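Undergrad: Following is a predicted model, sequence given first.
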Amino acid sequence: MRPALFRSLLGLWLLLPTPPLWAEVPVSAAAVREAQQRLAGQLIRTPLLPSPLLSKLTGAQVFVKLENLQATGAFKERGALNRLLQLSPEERKRGVITMSTGNHAQGVALHATRRGIPATVYMPESTPVSKVERTRALGATVVIKGATFDDTAALARAAAREQGLILIHPYDDPAVIAGQGTLALEMLQEQPDLDALIIPVGGGGLITGCALAARSIKPDIQIYGVESTRYSAMAQRLEGRPVQVGGTTVAEAIAVREVGATALSLLPGLIQGVLLVEEDTIEWAVAALAANLKVVAEGAGATPLAALVTQPTLFAGKKVGLVLSGGNLDHAHLADILRRYKGTLEDKPPVPVPKPLSKEAISTPLAPVARGPYSQAIRQGDLLFLSGQLATDPKDGRFRSDLDIAGR
Ligand SMILES: Cc1ncc(COP(=O)(O)O)c(C=O)c1O
């Protein structure tokens, strides 16, 4: 192993192993360019918008890449489709399998179905009904098995072996990583003088592909990952610490325990580091993107703006590209965030004080509409929300939800 010097955000210099020089590089900038050619004309070309309002608010020159505008509401289609387009005719006939609770599942389902490739998606038992239904509606066979994501992943791997299906890993597959990198190629092709990119990190596929692509165009560009403080698995692994994560998070799409081996081996030489953001700041960023840019970001997609306001001095005066990676946030949850952060958006970004729901706002379960383990009804004034998937976070008393019905 050839050790590489890597500076952690705590200011410590770390020696991390990188693959030996003679090892085959699993994915490269050239693979990202090939992916761009392969995907040309098959996905929505999402805009990279300048945001004068967010620039004024943050002191940086802000550009936002709107991946919430992809057909499934997230960038994940890029990697999924790049992998699907490299299947042999025989593999296409047998079909593909994956494990995911959300955006990757929908990316695989949509593009496999469009091409007549049978797709099976394994989802953990706790997956909200709405996500299961959306993935089924896109044509995939959904198998709900496994208490945790790791259990589900193990079952999907076993099924792939037994049934001879091609496993499309959500983030630890070279073709998936190369596909995700096309997002940064587009950003730099449009704005070649971006000084920095801020990119959400789950398993690390997105940031790895983007970093390879962006550095091939602008070698001195600064690249920062973002994680929620509750799920800082990549930051911990890069610092050589054992992973400790847990709790509820509004950025559930990047709440990952096991990061990708490929990302872990490549990132030390590619990125400045991983910034951590608090839950309140992520929610504030969701509200700020809606209020200022008029776009819906899910928690994960709002983390780059949250990182920018958490570390303003790192980016002051710089031309910064934020990757708004997805917009799949249920409407009642969005409404709740907008209501709570109203009035804090025009000021300099805080790290805002949360306003938890009052105790009276949460009533007892309503059996007739109950479809999931956390079913409850929530009353706010004369508004009633009913759902199969509601949970109250014991830490701050706020509800996390996947709401189905809201009425007066
Ligand atoms: C909206 C969104 N943003 C960011 C990510 C992180 O991607 P990766 O797991 O490749 O790091 C995901 C992953 O599912 C996602 O759905």
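TA: Sure, I can see it.
Undergrad: Please count neighbours and contacts with C-alpha atoms only from this point.
TA: Fine.
Undergrad: which secondary structure elements does the biggest helix by length in the chain contact?
TA: Longest helix of the chain, by residue count under DSSP state H: helix 174-190. Packing contacts for helix 174-190, counted by 3 or more CA pairs under 8 Å, 6 or more residues apart in numbering; DSSP states H and E, involve helix 29-39, helix 77-84, helix 205-217.
Undergrad: Need the residues that contact the longest one.
TA: So the one you mean is helix 205-217. Helix 205-217 is contacted from outside by 27-29, 32-33, 170-173, 176-185, 188, 192, 199-201, 221, 223, 225, 260, 263, 266-267, 270-271, using CA atoms under 8 Å, 6 or more residues apart in numbering.
Undergrad: out of the residues you listed, who's near the ligand?
TA: By CA under 6 Å from any ligand atom, the members of the contacts of helix 205-217 lying near the ligand are Tyr171, Pro200, Val201.
Undergrad: just to revisit the earlier point, give me the buried positions along the longest helix of the chain.
TA: For helix 174-190, the neighbour count (16 or more other CA atoms under 10 Å) marks 174-188 as buried.
Undergrad: how much does that helix deviate in direction from helix 205-217?
TA: Inter-element angle recorded for helix 174-190 and helix 205-217: 50 degrees (by axes from the mean of the first three to the mean of the last three CA atoms, to 10 degrees).
Undergrad: CA atoms only for helix 174-190 - export them in CSV, please.
TA: Extracted in CSV, the C-alpha atoms of helix 174-190 (Å, rounded to 0.1, in the frame of the first residue of the first chain):
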residue,chain,number,x,y,z
PRO,A,174,-17.3,1.7,-11.2
ALA,A,175,-19.9,2.2,-13.9
VAL,A,176,-22.3,3.7,-11.3
ILE,A,177,-19.6,6.1,-10.0
ALA,A,178,-18.6,7.1,-13.6
GLY,A,179,-22.3,7.8,-14.4
GLN,A,180,-22.6,10.1,-11.3
GLY,A,181,-19.5,11.9,-12.4
THR,A,182,-21.2,13.2,-15.5
LEU,A,183,-23.0,15.7,-13.2
ALA,A,184,-19.8,17.5,-12.4
LEU,A,185,-18.6,17.3,-16.0
GLU,A,186,-21.7,19.3,-17.0
MET,A,187,-21.1,21.8,-14.2
LEU,A,188,-17.5,22.5,-15.2
GLN,A,189,-18.4,22.5,-18.9
GLU,A,190,-20.8,25.3,-18.2
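Undergrad: hmm, who's touching it?
TA: 26-29, 31-33, 35-36, 48, 65, 75-76, 78-83, 168-171, 194, 205-214, 217, 262, 321.
Undergrad: Quick one: mean pLDDT for the helix or strand harbouring Leu49?
TA: Element membership for Leu49, per DSSP states H and E: strand 48-50. Strand 48-50 comes out with an average pLDDT of 97.
Undergrad: partners of that strand in the sheet?
TA: strand 61-66 (antiparallel) (DSSP bridges).
Undergrad: Tell me the gap between the strand it pairs with and the middle of its chain.
TA: In terms of CA atoms, centre = their mean, to the nearest Å, the centre of strand 61-66 is found 17 Å from the chain centre.
Undergrad: Using JSON lines, lay out the helices and strands packed on helix 174-190 together with mean neighbour count.
TA: Converted to JSON lines, these look like this (neighbours: other CA atoms under 10 Å):
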{"stretch": "helix 29-39", "mean neighbour count": "19"}
{"stretch": "helix 77-84", "mean neighbour count": "27"}
{"stretch": "helix 205-217", "mean neighbour count": "27"}
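Undergrad: Could you pick out the residues of the stretch 201-350 of the chain near the ligand for me?
TA: For the stretch 201-350 of the chain, the contact set with the ligand under CA under 6 Å from any ligand atom comprises Val201, Gly202, Gly203, Gly204, Gly205, Leu206, Ala253, Ile254, Ala300, Gly301, Ser325, Gly326.
Undergrad: one step back: mind putting the helices and strands packed on helix 174-190 in TSV, distance to Gly317 and mean pLDDT included?
TA: Below are those laid out as TSV (distance: least, CA to CA, whole Å; pLDDT from 0 to 100):
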stretch	distance to Gly317	mean pLDDT
helix 29-39	28	98
helix 77-84	31	98
helix 205-217	20	98
